[in-house]
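Undergrad: here is my input, please return the structure:
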Amino acid sequence: MHELSVVTSIVKIVQQEVHKINGKKALELYLEIGKLSGVEMDSFYFIWPQCIDGSVLSDAKLFIEEPAGKARCAECETEFHIDKSFDSCPNCDSPFKEIIAGKELKIKKIIIK
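TA: Down below sits the predicted model:
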């Protein structure tokens with residue numbers, strides 16, 4: 001399960017940041033997980049409670065922003081929204097594009113006590 005490694009990595013990073021400033025625990029965690037990141041959100045939410053149990057995140061509020069996919073056509077330079085990474089340009093039907101949004105997977109902010 002890919003989401004298990006994603007969540008355990010997030011927990012590890014947050015624990016390191018809390019300990020780095022001699023904090024006690026994380027109160028809030030803000031993540032950005034793009035729609036094209038490859039993270040299955042149902043699996044993420046399923047595994048989250050088990051991974052944070054007993055950690056500095058055990059009582060933290062979780063906030064997740066899920067940016068939509070956006071691409072720029074390599075042929076006509078049209079910017080367009082995509083739901084899947086293999087979507088073609090709606091203007092010229094070219095499959096060649098640069099994905100410019102939606103693949104994010106990052107910790108935006110941690111509120112630490």
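Undergrad: so how far is the longest helix along the chain from its chain's centroid?
TA: For the chain, the longest helix by residue count, based on DSSP state H, is helix 2-20. Relative to the mean C-alpha coordinate of its chain, helix 2-20 is positioned 13 Å out (Cα atoms, centre = their mean, to the nearest Å).
Undergrad: describe which strands the following helix or strand past that helix pairs with in its sheet and in which direction.
TA: Past helix 2-20, heading to the C-terminal end, the next element that is a helix or strand (DSSP states H and E) is strand 26-33. Note on strand 26-33: by DSSP bridges, its sheet partners are strand 61-65 (parallel), strand 105-112 (antiparallel).
Undergrad: which residues are in contact with the residue located most distally from the centre of the chain?
TA: Most distant from the centre of the chain: C92, at 30.4 Å, with distances by Cα atoms, centre = their mean. C92 sits next to C73, E75, C76, T78 when contact means Cβ atoms under 8 Å, 6 or more residues apart in numbering. (Each C-beta comes from the backbone N, C-alpha and C, glycine too.)
Undergrad: what about E98, neighbour count?
TA: Residues lying near E98 (other Cβ atoms under 10 Å) number 11.
Undergrad: assign a three-state SS to it, would you?
TA: E98 falls in the strand class when you classify it by DSSP: H, G, I helix; E, B strand; the rest coil.
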